[in-house]
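Peer 1: got a sequence here, can you model it:
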Amino acid sequence: MSFESQLNNFLSDCEKLIVLGVGNELKSDDGVGPFIIKKLKEENIENKNLLFIDGKTVPENFTGKIRKEKPTHLIIVDACLMDLQPGEMQIVNKYEFANIGISTHSMSLSFFVRYLEKDMDFGIIFVGIEPETMDWGEKPTLKVEKAANEFIEILKGIIL
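Peer 2: Modelled structure (predicted):
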């Protein structure tokens, strides 16, 4: 099943969506999550049932906000070491990423998801984008930026 089909299936019954970008903007491709959130916010999409959060490297700091918003669906976007080609995207469900720890922030994201789920019932997926480099740099590499823009266009096509 294609990436777009998987995302479309996940969001088919969505009433309120939060997209949470995670990563370090000073480490090239590791900043792809915050890069995506910044671009989505620049779109000025007016919808009270849609929220974009830049979780930076501390997504756990946003648990209160997420709980308060009571989403039906949460998408976490981050750079992931998955042994794919740089820029390739993959959707990982919460059971897989909590167990295999593919994110560059794997321990905190696994714990983060378990913590959120204690009192909430919502759909959650993780969108991983394979990094090319995690060296110091202020923006993603071309391949990862292209994947980020592709994700944004797919998401907009589904939710708008």
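
Peer 1: can you tell me the SS state at the residue nearest to Lys27 when sequence neighbours are not counted?
Peer 2: With C-beta to C-beta, 6 or more residues apart in numbering as the criterion, Lys27 has its nearest non-adjacent residue at 5.1 Å, and that residue is Met134. For every residue, glycine as well, the C-beta is placed using N, CA and C. Using DSSP: H, G, I helix; E, B strand; the rest coil, the secondary structure recorded for Met134 is coil.

Peer 1: flag the shaky bits of the chain, pLDDT-wise.
Peer 2: 97-108 (pLDDT under 70).

Peer 1: mind listing what's buried in the helix ranked longest in the chain?
Peer 2: Determined from DSSP state H, the single longest helix within the chain is helix 142-159. Neighbour-count burial for helix 142-159 flags 143-145, 147-148, 151-152, 154-155, 158-159 (criterion: 16 or more other C-beta atoms under 10 Å).

Peer 1: one more: stretch 19-35?
Peer 2: 19-25, 27-35.

Peer 1: stretch 62-75 too?
Peer 2: So for stretch 62-75, counting by 16+ other C-beta under 10 Å, buried means 62, 66, 69, 71-75.
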